[in-house]
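1. everything below, folded, please.
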Amino acid sequence: MSEHLTIVDHPLVQHKLTLMREKNTSTAVFRQLLREISQLLAYEVTRGLPMTTKKIETPMTEMDAPTLDGKKLALISILRAGNGLLDGVLELIPSARVGFVGLYRDEETLQPVQYYFKVPDALEDRLVIAVDPMLATGNSSVAAIDLLKKAGAKNIRFLCLLAAPEGVATMRAAHPDVPIVTAALDEKLNEVGYIMPGLGDAGDRMFGTK
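-> Next comes the predicted model:
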């Protein structure tokens, strides 16, 4: 994963994203779609994981079969909306270690404020995948990656559902070594820092808190 930004243009990803964008999509359906789309995105963000082989017995014979190498990867949810992506990715990688970074956006300054941080040990030896549905201003994503690097993480990937050009630029400037995988690069941010055309507030739509 060398490019800084990967847009997953798979037909199923794009179709499910369209359903999620529609304002009349219910909370239950939105949540289900997010789980489904996160599994498809997880397929892309885990491309190129290190592999080794182990000796197994099939019903027919012995063979050296491919298997994942190294420490279990770490999935880091940027709270609270990150949990929607986390659930789907965990279904695909159930042995992953899980951590949480709690950040909220100060509505006056649009700057992130940290309120929680709990991550697995030995981050320096793990592939770390940070998940948050929306890469908007990029401020909270940059802050989360800062914290993960401070905790020892060296090999980090960022997974989001939607990205704004401003957020991608902010991330590239602060963390050029962190590739971003997303389902869509939208047009822009509006004056209050929401992605346009976007899908509204992912957390509110996922948890039914509007």
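
2. show residues contacting the longest strand belonging to the chain.
-> Determined from DSSP state E, the single longest strand within the chain is strand 97-105. Outside strand 97-105, the residues within contact range by Cβ atoms under 8 Å, 6 or more residues apart in numbering are 72-80, 82, 86, 90, 111-120, 126, 130, 137, 139-140, 143-144, 147-148, 193. Using the backbone N, CA and C atoms, a C-beta is placed for each residue, glycine as well.

3. mind listing what's buried in that strand?
-> Within strand 97-105, the residues scored as buried using 16 or more other Cβ atoms under 10 Å are 97, 99-103.

4. which helices and strands sit right next to the helix or strand following that strand?
-> Note on strand 97-105: by DSSP states H and E, the next helix or strand toward the C-terminus is strand 112-118. Identification of packing neighbours for strand 112-118 by 3 or more Cβ pairs under 8 Å, 6 or more residues apart in numbering; DSSP states H and E yields strand 97-105, helix 139-150.

5. how about those, which one is nearest residue 157?
-> Comparing these by their distance to residue 157 (Cβ to Cβ), the top pick is helix 139-150, with 10.3 Å.

6. now the angle from that closest one to strand 97-105?
-> Angle between the axes of helix 139-150 and strand 97-105 is 140 degrees (criterion: axes from the mean of the first three to the mean of the last three Cα atoms, to 10 degrees).

7. pLDDT (mean, whole number) over helix 139-150?
-> pLDDT averaged over helix 139-150 equals 94, rounded to a whole number.

8. same question for stretch 174-190.
-> Mean pLDDT, taken over the full extent of stretch 174-190, equals 96.

9. alpha carbons of it, as CSV, please.
-> Output in CSV follows, covering the C-alpha atoms of stretch 174-190 (Å, rounded to 0.1, in the frame of the first residue of the first chain):
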residue,chain,number,x,y,z
ALA,A,174,0.9,15.6,9.1
HIS,A,175,1.3,11.8,8.4
PRO,A,176,2.5,11.1,4.9
ASP,A,177,3.5,7.6,6.0
VAL,A,178,-0.2,6.6,6.8
PRO,A,179,-2.1,5.4,3.8
ILE,A,180,-5.8,6.1,3.6
VAL,A,181,-8.4,3.7,2.3
THR,A,182,-11.9,5.1,1.6
ALA,A,183,-15.0,4.4,-0.4
ALA,A,184,-15.3,7.9,-1.8
LEU,A,185,-13.5,11.2,-2.0
ASP,A,186,-16.3,13.8,-1.8
GLU,A,187,-16.4,17.3,-3.1
LYS,A,188,-15.6,19.6,-0.2
LEU,A,189,-16.4,20.6,3.4
ASN,A,190,-19.2,23.1,4.1
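
10. given the longest strand of the chain, what are its sheet partners and their directions?
-> Here strand 97-105 has these sheet partners by DSSP bridges: strand 74-79 (parallel), strand 112-118 (antiparallel).

11. what comes up buried for the last one?
-> Spelled out, it's strand 112-118. Buried positions in strand 112-118, judged by neighbour count with 16+ other Cβ under 10 Å: 112, 117.
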